[in-house]
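Student: compute the structure for the input listed below.
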Amino acid sequence: MASLLPAIQMFHYRWSVPTVARLYRDGPQRAADLQRAFDAARDTLADTLRRLERAGVIVRTPAPRGAVCALTPAGAAVGSACLDAVDAVRAMDIVPLALKKWPMLVLTAVGRGASRYSRIQDELPGITPRALALALKDLQAAGLLDRTVEHSYPPVSIYTLSARGAELFPVMDRLCRAAEAAASR
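Tutor: This is a model prediction of the structure:
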């Protein structure tokens with residue numbers, strides 16, 4: 001199974017995927033324009049841009065009215081997948097859920113075959129038990145995951161993609177694989 005670590009590292013911050021998607025679609029933009037487009041807090045977006053720059057996804061160049069952000073070749077390699085992910089999330093009307101750090105990565109881990117809590121946690125380095133529990137609950141509430149309880153001792157919860165989750169999984173899996181390919185460049 002491919003590692004989700006590059007996707008976790010590359011898209012750690014809330015606005016990472018929308019930023020890369022917008023730069024891929026519209027070309028280089030000033031940081032202030034990105035902030036207005038996302039209605040994001042200045043500090044939050046600044047952290048996102050710094051992280052994307054450290055990951056080699058974007059480059060910022062000074063300009064008279066603020067730095068201009070552009071995609072690097074690695075950023076361009078993930079840009080199409082980011083744009084598809086943003087479009088799919090909007091179409092499913094789950095933008096607030098997708099802007100959280102872990103739910104889309106949890107969905108991807110389940111789609112790749114991790115069905116038990118401990119296995120999902122193993123696939124996502126850095127996720128806390130609380131963050132995983134919240135992500136699983138959020139995904140169930142959005143109708144993206146199904147949970148069944150095996151009647152054993154102790155009872156075991158098994159997570160699978162719902163029909164709606166199975167529709168979203170290929171897009172998210174492509175995004176994670178693109179991040180892995182870009183990280184290995």
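Student: show me what the one helix or strand residue 77 maps to is packed against.
Tutor: Secondary structure here is read from DSSP states H and E; on that basis residue 77 sits in helix 73-92. Applying 3 or more CB pairs under 8 Å, 6 or more residues apart in numbering; DSSP states H and E, we find helix 73-92 packed against helix 16-26, helix 95-98, helix 163-183. In this view, the C-beta of every residue, glycine as well, is placed from N, C-alpha and C.
Student: any idea which of those is most buried?
Tutor: helix 16-26 (a mean of 22; mean count of other CB atoms under 10 Å).
Student: distance between whatever helix or strand comes next after that one and the chain's centre?
Tutor: In the C-terminal direction, the helix or strand that comes right after helix 16-26 (DSSP H and E) is strand 29-30. Its chain's C-alpha centre and that of strand 29-30 lie 22 Å apart, by CA atoms, centre = their mean, to the nearest Å.
Student: direction included, what does strand 29-30 pair up with?
Tutor: Each strand pairing with strand 29-30, determined using DSSP bridges, is listed with its direction: strand 68-71 (antiparallel).
Student: buried residues of the partner strand, list them for me.
Tutor: By 16 or more other CB atoms under 10 Å, the buried positions in strand 68-71 come out as 68, 69, 71.
Student: identify the residues contacting the last one.
Tutor: This points to residue 71. For residue 71, the contacting residues are 20, 23, 24, 28, 57, 58, 59, 79, taking CB atoms under 8 Å, 6 or more residues apart in numbering as the criterion.
Student: out of those, which one has the lowest pLDDT?
Tutor: Checking pLDDT across the contacts of residue 71, the minimum falls on residue 57 at 92.
Student: how near is that one to residue 147?
Tutor: Relative to residue 147, residue 57 is positioned 34 Å away (CB to CB, to the nearest Å).
Student: same thing with residue 11?
Tutor: The gap separating residue 11 from residue 147 is 25 Å, by CB to CB.
Student: okay, the nearest residue to residue 61 once chain neighbours are set aside: pLDDT?
Tutor: If you skip the residues right next to it in sequence, residue 61 has residue 68 as its closest partner in space, 5.3 Å away by CB to CB, 6 or more residues apart in numbering. We have a pLDDT of 95 for residue 68.
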